[in-house]
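Visitor: mind looking at a prediction? Sequence and model below.
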Amino acid sequence: MRFRAMVLEKFNEPLRMKEFEVGELPEGSVLVRMLASGVCGSDVHIAKGEDPRTPVPIILGHEGVGEVIEVAGEKKDLNGEPIKPNDRIIWNRGIVCRKCYWCTVAKQPHLCPNRKVYGINMSCKDYPHLLGCYAEAVVLLPEVEVLKIPENVDPASVVIASCSGATAMNALDSLSEPLAGKSVVIQGIGPLGIFAAVAAKSMGASIVAVIGGSPERLGVAKDFVDVLINRRELSEEERRKKILQLTHNRGADVVIEAAGDSRALMEGFNLLRRGGTYLIAGVAVPQDPIPVSVYENLVLKGITLRGVWVSDTKHLVQAVNVVTSHESLFSKLITHRFRLEEVNEALRYVEERRALKAVIHFE
Ligand SMILES: [Zn+2]
Ligand SMILES: [Zn+2]
């Protein structure tokens, strides 16, 4: 069988359509016809060579939902259900080694130094080539964890669970106390920030405030966020006062950086209460250092600072549950749909922040 895919051959050059032949597959692998591929903000950086993990040539795209074409031998999903042709599935975009210290002793497999990721560090040079989601089909190797998803959910709504959704769940999962009754401030109103807001609210947070700069995005969020703060309308000091007003002058219990910009931390420290927790989840590529006052920002306030890197299996399962129980909301996030041959345009829309969530469709 032959399938088309959009390949990044050189950084900073447009992706080009190529065809790949798929023949016999290793036992336990699954050939999947793509139904929807998400265009992630990090794909824009990867295409420019800003992610140190990425080799070329590569088929980009690490968010996907598809329909099974063929299973080589037997394969079960995370619930123990056998995978069959025509099943709709999502999968864990990362493959970890299950042998290193992080996989076995520390039980933090998402930090596995041998982690391979579809569309990020798995080249299409060698067979079976189709290891990224900007393609008509993808080959899921035997190690890939898959999860069946319901037929009645729009696949485009679910792709967000692959990356931003799972990462948001990893961030919230890393808190040492339940969120019920807590105040949460989220910096950034892209897919990650919105996902974190929906999840925090459904986990019982008393106040979820989101700081963003786009009126359209704030409009989408208004149905499920308690407080929307447009940073173009309020100064940094006014934003801080607003958060203090909402939290009995303490500051937020939890601040989540979902802006993808280290500079957001300078504001975030001032929004946290003493003893609060700062989850840094949006920064995904190397950036310039920022000046932090260790005494004032960290020690004096007794802040817990946590970097959140990607996600693990359970976070994917949690994220899929969040999407399927709020489907109409997540379908509203998809502002742009493109065809596979329009991927370069889709990346431009995401880079220029014209799309909240852009999805490649294959019908
Ligand atoms: Zn991503
Ligand atoms: Zn490992």
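Guide: Right, received. Where do you want to start? Ligands and ions are numbered 1, 2, ... in the order given.
Visitor: alpha carbons only for contacts and neighbour counts from here, please
Guide: Noted.
Visitor: end-to-end on stretch 266-281?
Guide: 15 Å (CA to CA, to the nearest Å).
Visitor: check whether that stretch comes near ligand 1.
Guide: No - for stretch 266-281, no contact with ligand 1 is found by CA under 5 Å from the ion; the gap never falls below 11.5 Å.
Visitor: could you dump the strand or helix carrying E345 to PDB, C-alpha only?
Guide: Assigned by DSSP states H and E, E345 falls within helix 343-351. C-alpha atoms of helix 343-351 as PDB (Å, rounded to 0.1, in the frame of the first residue of the first chain):
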ATOM      1  CA  VAL A 343       0.000  21.800   5.900                       C
ATOM      2  CA  ASN A 344       2.500  24.700   5.200                       C
ATOM      3  CA  GLU A 345      -0.400  27.100   5.300                       C
ATOM      4  CA  ALA A 346      -1.700  25.500   8.500                       C
ATOM      5  CA  LEU A 347       1.700  26.000  10.200                       C
ATOM      6  CA  ARG A 348       1.700  29.600   9.100                       C
ATOM      7  CA  TYR A 349      -1.800  30.100  10.600                       C
ATOM      8  CA  VAL A 350      -0.600  28.600  13.900                       C
ATOM      9  CA  GLU A 351       2.600  30.700  13.900                       C
END
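Visitor: pull out the buried positions in it.
Guide: Residues of helix 343-351 classed as buried: V343, N344, A346, L347, Y349, V350, E351 (neighbour count, 16 or more other CA atoms under 10 Å).
Visitor: any idea how far the residue nearest the centre of the chain lies from V323?
Guide: Centroid-nearest residue in the chain: S164, 1.8 Å away (criterion: CA atoms, centre = their mean). Using CA to CA, S164 is found at 12 Å from V323.
Visitor: all helices of the stretch 201-350 of the chain, in order?
Guide: Taking DSSP state H, counting those that start in this stretch to define them, one finds helices in the stretch 201-350 of the chain at 215-221, 236-246, 264-271, 313-325, 327-333, 343-351.
Visitor: L130: which of those helices is closest?
Guide: Proximity to L130, assessed across the helices of the stretch 201-350 of the chain by CA to CA, is greatest for helix 343-351 (16.3 Å).
Visitor: tabulate the buried residues of helix 343-351 in CSV, adding columns for distance to K116.
Guide: Formatted as CSV, these follow (distance: CA to CA, whole Å):
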residue, distance to K116
V343, 23
N344, 24
A346, 25
L347, 23
Y349, 27
V350, 24
E351, 25
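Visitor: and the closest residue to V283 other than its chain neighbours, what does it touch?
Guide: Using CA to CA, 6 or more residues apart in numbering and skipping residues adjacent in sequence, the residue nearest V283 is G260, 4.2 Å away. By CA atoms under 8 Å, 6 or more residues apart in numbering, the contact set of G260 is G188, A281, G282, V283, A284.
Visitor: tell me the pLDDT of the second one.
Guide: The predicted local confidence for A281 comes out at a pLDDT of 98.
Visitor: pretty sure it contacts A168?
Guide: Yes - taking CA atoms under 8 Å as the definition, A281 is a contact partner of A168 at 7.2 Å.
Visitor: what is the burial count for Y118?
Guide: Y118: 27 surrounding residues under other CA atoms under 10 Å.
Visitor: what's it in contact with, if anything?
Guide: L60, G61, H62, R93, G94, L131, G132, C133.
Visitor: try 6 Å this time
Guide: Contacts for Y118 (CA atoms under 6 Å, 6 or more residues apart in numbering) come out as H62, R93, L131, G132.
Visitor: cool, and K314?
Guide: Counting by CA under 6 Å, 6+ apart, K314 makes contact with nothing.
Visitor: residues in contact with G188?
Guide: G188 neighbours (CA under 6 Å, 6+ apart): I211, G212, A258, A259.
Visitor: measure it to M34 for me?
Guide: Distance, G188 to M34, by CA to CA: 29 Å.
Visitor: roughly how far does A168 sit from ligand 2?
Guide: Counting by CA to the ion, to the nearest Å, the gap from A168 to ligand 2 is 22 Å.
Visitor: and that residue, that one's in a helix?
Guide: Yes - counting by DSSP: H, G, I helix; E, B strand; the rest coil, A168 is located in a helix.
Visitor: that one - how many residues pack around it?
Guide: Other residues lying near A168 total 33 when counted by other CA under 10 Å.
Visitor: nearest residue to K332 other than its sequence neighbours?
Guide: Nearest non-adjacent residue to K332 (CA to CA, 6+ apart): V220, at 7.3 Å.
Visitor: go on, E327?
Guide: S157 is the one closest to E327 (CA to CA, 6+ apart), at 6.8 Å.
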